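**Q** quick one, structure for this:
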Amino acid sequence: MTTSISNKIFKFMLIIGITLLVGLCYNHRSNSNFYLDYLNVYAYFISLSIGATFLILLMNLTRAGWGVVVRRVPEHIMSLLPIFALLFIPLLFGLDYIFEWLSPHVIATDYLVQKKLPYLNLTFFIIRNIIYFIVFSVVSSYYWKRSINQDNANSKDAMELTKSMQRKAPLAILGMALVTSFASFDWLMSLYSHWFSTIFGIYYFAGCMVFILSVTILIYEILLRYNLLKNYPNTEHFHDLSKLLYGFVIFWSYVSFSQYFLTWYANIPEFTQWYYPRLHNGWETIFYALIIFHFLIPLFGFMSRHVKRNSFARICFCLLFIIIHYVDIRFVVYPNVFKKYHAITMNEFGLILSFAFVVIPLVAFKIIRYKRIPENDPRLSESKHLENAL
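**A** Sure thing, here's the model as predicted:
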């Protein structure tokens, strides 16, 4: 398939995605359930770009030479964060449908909500989200632009760009950690305003990393199969990405268990009320599905070196993680409103499709336009000679 044909296909997809998204938002502008669907799908897709930003920052922070040849795809995904700032706007028209702490009746009658009003109020919520997207946009744009500039730089300038990105990584990752935690508090945790968890931000971060690593592996598999890349990344790079993915899957499980275990052990009503609906009325199926597919099966099935180095096995597990991450987000969002299990609706499916048809073409355009491997990065040779001893 030629580049011109690919561009036409992706442009067509983008037009469909934007048209579908605008149509859904307009037709359901007074539908309270639609805004909850939108928040759910939005939280899922933005977690991909948030995870990509963390991955790039971690590579720069640790000076990870091995990851140079697999850096460009997450950089392109990371660069979509300013687009997600625009996609957040429709949610502003339905905040009072989503968050109970904006209801005048709840404010007047709920003692705990009254005590949280200095933080949970509309003005401060909007101010915080402006700050979140400024940080998201500045960090992602800075690292993406400097990496692209490196492609046309001489060896001296390329080294300076690398050093600049490394020097700023500690501050950037600190800022991302703070805004991601508070964004997860605002978007997801505050759906049930009586409950809080100090590790909820880490829980969301772990899911972001599982998502981006799975998608990164899949995209590079596709690029190699269609000869858009040759020789690199090779099995050694996929092995390292898979080890990192496995680590974050187990980390997600650890954080999830810690959050549940502390709630169970403390047995405080304000905390157990968050888990209670998730263990009854059909939602318990999702609870156990997450244990099985997000922990037990990967724990034993993805542990082996041979599985990580097998292309078909990698792809299967990555697809599993992409799906189960969405199930995880649904499990966080919907039981706050629907006490009985809430199946996927046509609106929700339409939003998934429209977001996918916006995100996929935007990433594809950048993959087509820019070099797929940062050829002038001073650590490229180290990355190409990567070899796993274990």
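
**Q** thought residue 95 was touching residue 123?
**A** No: judged on C-beta atoms under 8 Å, residue 95 makes no contact with residue 123 at a distance of 11.6 Å. Backbone N, C-alpha and C define where each C-beta goes, glycine included.

**Q** between these two, tell me which one has more neighbours.
**A** Each of residue 95 and residue 123 has its neighbours counted (other C-beta atoms under 10 Å); residue 95 has more, 15 against 7.

**Q** centre-most residue in the protein?
**A** In the chain, the C-alpha nearest the mean C-alpha coordinate belongs to residue 47, at 1.7 Å (C-alpha atoms, centre = their mean).

**Q** give me the pLDDT for that residue.
**A** Model confidence at residue 47, given as pLDDT, is 97.

**Q** where does it fall, secondary structure wise?
**A** Per DSSP states H and E, residue 47 falls inside helix 32-61.

**Q** which of the residues in that helix are buried?
**A** 33-57, 59-61 (16 or more other C-beta atoms under 10 Å).

**Q** equivalent analysis for stretch 72-87, please.
**A** 72-81, 84-85, 87.

**Q** one step back: so the residue nearest to the centre of the chain sits against residue 328, correct?
**A** No: in this structure, residue 47 is not within contact of residue 328 by C-beta under 8 Å, at 9.8 Å.

**Q** shared neighbours of these two, anything?
**A** Listed as contacting both residue 47 and residue 328 by C-beta atoms under 8 Å, 6 or more residues apart in numbering are residue 207.

**Q** so the nearest residue to the residue nearest to the centre of the chain once chain neighbours are set aside, which state does it fall into?
**A** Nearest non-adjacent residue to residue 47, counting by C-beta to C-beta, 6 or more residues apart in numbering: residue 208, 4.3 Å away. Under DSSP: H, G, I helix; E, B strand; the rest coil, residue 208 falls in the helix class.

**Q** can you get me a residue count around residue 377?
**A** 23.

**Q** that older thread, list the contacts for the residue nearest to the centre of the chain?
**A** Listed by C-beta under 8 Å, 6+ apart, the contact set of residue 47 reads 204, 207, 208, 211, 325, 329.

**Q** go again with 10 Å.
**A** Contacts for residue 47 were tallied using C-beta atoms under 10 Å, 6 or more residues apart in numbering; they are 180, 184, 204-205, 207-212, 325-326, 328-329.

**Q** hmm, which of those are the buried ones?
**A** Using 16+ other C-beta under 10 Å as the burial test, the contacts of residue 47 include 180, 184, 204-205, 207-212, 325-326, 328-329 as buried.

**Q** coming back round to it: residue 322 versus the residue nearest to the centre of the chain, what's the distance?
**A** From residue 47 across to residue 322, the span is 11 Å (C-beta to C-beta, to the nearest Å).

**Q** please enumerate the shared neighbours of the two.
**A** Common neighbours of residue 47 and residue 322 (C-beta under 10 Å, 6+ apart) are 210, 211.

**Q** run through who's touching stretch 342-355.
**A** For stretch 342-355, using C-beta under 10 Å, 6+ apart, the contacting residues are 16-25, 27-28, 31, 33-34, 36-42, 44-46, 48, 84, 87, 281-283, 326, 330, 333-335.

**Q** repeat for stretch 252-268
**A** Applying C-beta under 10 Å, 6+ apart, the set of residues contacting stretch 252-268 from outside is 195, 197-210, 270-275, 278-279, 287, 290-291, 294-296, 298-299, 321, 324-325, 328.

**Q** try 8 Å this time
**A** 197, 199-200, 202-203, 206-207, 210, 271-272, 274-275, 290, 294-295, 299.

**Q** same deal with stretch 187-195?
**A** Counting by C-beta under 8 Å, 6+ apart, 39, 42-43, 98-101, 110, 112-113, 116, 120, 196-197, 200, 204, 270-271, 273-274, 329, 332-333, 336-337 sit against stretch 187-195.

**Q** I'd like the next helix or strand past the lowest-mean-pLDDT helix or strand in the chain.
**A** Ranked by mean pLDDT, DSSP states H and E, the weakest helix or strand in the chain is helix 269-275, scoring a mean of 85. Sequence order places helix 283-291 as the next helix or strand after helix 269-275, per DSSP H and E.
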